[in-house]
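**Q** I would like to see how this sequence folds:
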Amino acid sequence: MLPFRRLAGAACVALAAFRTAAAQQEVTPAPQVEFRAEGVLSPRAGALLGVGLNVRAGWYARVGLAAMAGASDGRAGTAGVQRLEGTARFLFDPFGERRRGLYAGAGLGVERVDGAGTAKARGLLLGVVGVEGGTVGRVVPALELTVGGGVRLGVLLRTRRSQGR
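**A** Below you'll find the model as predicted:
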């Protein structure tokens with residue numbers, strides 16, 4: 001009878017450990033969708049509208065891809081602008097413990113400018129700093145300054161993250 005009690009006790013401990021480990025498994029959060037409105041401050045004034053997608057790459061990191069289109073002042077008048085950018089950003093407050101969360105990052109992009117009957121494309125190296133506000137309903141507003149191919153100031157609306165800010 002004693003070996004049966006030991007076996008039953010060991011089975012109970014193993015089952016409890018399994019249930020505890022299953023309860024602690026990390027939930028993979030859904031990607032964040034973002035909508036962007038940016039003002040191009042230099043070298044040519046302009047405006048861009050875009051959409052992006054961000055995924056978590058750890059507790060403190062997010063990786064994103066954004067596509068934007070708009071217009072800017074060119075040497076020969078108004079020019080159409082399209083951008084595709086990939087960025088990685090580090091969140092200083094990923095769990096939303098403060099009212100506002102700072103972030104900084106870097107990335108690569110490509111810009112295409114259509115003007116005066118010609119189209120030119122060029123690669124970009126990007127630097128990004130921003131601040132996210134608190135969640136408002138299902139949206140997290142952000143203000144972002146981007147340097148690379150000019151200086152841009154953007155207002156972003158991101159969907160709420162399932163974990164953290």
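**Q** Tell me which residue is most central in this structure.
**A** When CA atoms, centre = their mean is applied to the chain, the residue found nearest the centroid is residue 54 (4.0 Å).
**Q** what ranges do the strands span in this structure?
**A** Under the criterion DSSP state E, strands of the chain are mapped to 32-42, 46-56, 61-74, 77-91, 101-115, 118-132, 139-147, 151-159.
**Q** Can you convert the ones you listed into JSON lines and add a column each for mean pLDDT?
**A** Shown next, in JSON lines, are these (pLDDT from 0 to 100):
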{"stretch": "strand 32-42", "mean pLDDT": "94"}
{"stretch": "strand 46-56", "mean pLDDT": "96"}
{"stretch": "strand 61-74", "mean pLDDT": "93"}
{"stretch": "strand 77-91", "mean pLDDT": "93"}
{"stretch": "strand 101-115", "mean pLDDT": "93"}
{"stretch": "strand 118-132", "mean pLDDT": "93"}
{"stretch": "strand 139-147", "mean pLDDT": "95"}
{"stretch": "strand 151-159", "mean pLDDT": "96"}
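**Q** for the nearest residue to residue 57 once chain neighbours are set aside, what are its contacts?
**A** Using CB to CB, 6 or more residues apart in numbering and skipping the chain neighbours, the partner closest in space to residue 57 is residue 63 (4.7 Å). All C-beta atoms are positioned from the backbone trio N, CA, C, and that covers glycine. With CB atoms under 8 Å, 6 or more residues apart in numbering as the criterion, the residues that contact residue 63 are 54, 55, 57, 86, 87, 88.
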